[in-house]
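Q: here is my input; please provide its structure:
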Amino acid sequence: MSDKSDEILIAAVARNVSTVLSLPSAGMFRNHKSRFVCGIEGGILVEAPADDRALIAELVRDQTPCVVSFRSGAYKVSFATPIRRAEPSWWLNNETVVNALLLEFPAKITASQKRSDYRVEIPPHTDISVRIWRLARHEDLKIEPPPEREVTAEVLDASTGGVGVKLIGSEGQKPKICTEDRLRIVLTFNGEGLILEGRMRAPSVLPEGHTIITGIQFKVLEDNLEGRKTKARLLRIVGDLQRAELRMSKLGVKKSA
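A: As a prediction, this is how the structure comes out:
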């Protein structure tokens, strides 16, 4: 995956992605928040920590590799490489000056894909629905809020981590909901309702008209009896949807648009 890893790193440098810069010291690492600045001389500039100047000078002198890690989409990326030299007072843009470190472009880059919940598109004629309400911070999840706080929703796909939804506003207006809202979700499958808490993800596409297509991320369930029961029911729902999807695939039935 070396070519792909190189591409991921080059793109991250161009976007000035945030990183963690880990400097080895006495058999341990000192971790610092940093970011990519730019690529020069076949190497990579990163923002230097405000402190640890003596350690950095030692690492430059001995050419001891440091470790850089960052996230890019579905990937967690890391590499080890030595520091060529310090670059003080580097102009990041027309307004910002940073102290930087010039790193060797790494010979080896590790890019591992983050595990994610498998999302199942809802097969046609499936008895599944979702209802969503906005909740106050300390409001009881089990009590249904007033009707005016319900957000009309259609479920598009489902996983153990959340659901994809189309949120529908009323009277031509966009739905009254934002990513900061605490949400009460009732996922009903084959007549059996499951109450969950969650939050709306930021939409990946611009809303059109009075609808928003986005995802609802479920809150991590507590490791107690109630939480384990809820997780088991959620796993059963997703498992049934996966089996339905597999049957459709074997029969050559196309998914709904």
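
Q: any idea how far residue 48 is from residue 60?
A: Distance from residue 48 to residue 60, counting by Cβ to Cβ, to the nearest Å: 11 Å. In this view, the C-beta of every residue, glycine as well, is placed from N, C-alpha and C.

Q: what touches both of those two?
A: Residues within reach of residue 48 and of residue 60 at once, by Cβ atoms under 8 Å, 6 or more residues apart in numbering, are residue 86.

Q: out of the two, which sits in the busier spot?
A: Applying other Cβ atoms under 10 Å to residue 48 and residue 60 shows that residue 48 carries more neighbours, namely 23 against 16.

Q: three-state assignment of the residue of the chain most remote from its centre?
A: The outermost residue of the chain relative to its centre, with distances by Cα atoms, centre = their mean, is residue 61 at 38.2 Å. Under the three-state scheme (DSSP: H, G, I helix; E, B strand; the rest coil), residue 61 adopts helix.

Q: per-residue confidence at it?
A: In this model, residue 61 is scored at 95, pLDDT.

Q: what does residue 256 give?
A: What the model reports as pLDDT for residue 256 is 47.

Q: domain parsing for this structure?
A: 2-113, 120-251 (automatic domain parsing).

Q: contacts only, for the nearest residue in space to residue 107 that is not next to it in sequence.
A: Take residue 107 and drop its neighbours on the chain: the residue closest to it by Cβ to Cβ, 6 or more residues apart in numbering is residue 81, 7.7 Å away. Applying Cβ under 8 Å, 6+ apart, we find residue 81 in contact with 65, 66, 68, 103, 104, 105, 106, 107.

Q: now list the buried members of the residues you listed.
A: Applying 16 or more other Cβ atoms under 10 Å to these, the neighbour count classes 65, 66, 68, 103, 104, 105, 106 as buried.

Q: neighbours around the residue nearest to the second one when sequence neighbours are not counted, how many?
A: To tie it back to what came earlier, the one meant is residue 66. Among residues not flanking residue 66 along the chain, residue 23 sits closest, at 5.2 Å (Cβ to Cβ, 6+ apart). Using other Cβ under 10 Å, residue 23 has 20 neighbouring residues.

Q: isn't residue 23 up against residue 32?
A: Yes. Counting by Cβ atoms under 8 Å, residue 23 touches residue 32, with 7.0 Å between them.

Q: shared neighbours of the two, anything?
A: Both residue 23 and residue 32 are in contact with 49, 52, where contact means Cβ under 8 Å, 6+ apart.

Q: for this structure, give me the ranges with low pLDDT.
A: 1-3, 73-74, 113-117, 250-257 (pLDDT under 70).

Q: what are the pairing partners of the longest strand anywhere in it, and which direction each?
A: When every strand of the chain is counted residue by residue (DSSP state E), the longest turns out to be strand 28-40. Partners of strand 28-40 in the sheet, by DSSP bridges, are strand 18-25 (antiparallel), strand 43-47 (antiparallel).

Q: now do the end-to-end distance for stretch 56-68.
A: 14 Å (Cα to Cα, to the nearest Å).

Q: ranges for the helices of the stretch 151-257 of the chain?
A: 225-251 (DSSP state H, counting those that start in this stretch).

Q: please disregard the earlier target; I meant the stretch 1-150 of the chain.
A: Here the stretch 1-150 of the chain has its helices, by DSSP H, counting those that start in this stretch, at 2-14, 53-62.

Q: save the ones you listed as a markdown table, and put in distance to residue 137 too.
A: As requested, the helices of the stretch 1-150 of the chain are arranged in a markdown table below (distance: least, Cβ to Cβ, whole Å):
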| stretch | distance to residue 137 |
| --- | --- |
| helix 2-14 | 36 |
| helix 53-62 | 44 |
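
Q: tally of neighbours for residue 237?
A: Neighbour count for residue 237, taken as other Cβ under 10 Å: 21.

Q: try residue 170
A: For residue 170, using other Cβ under 10 Å, the count is 11.

Q: for residue 185, see how far away it is.
A: Taking Cβ to Cβ, one finds residue 170 at 19 Å from residue 185.
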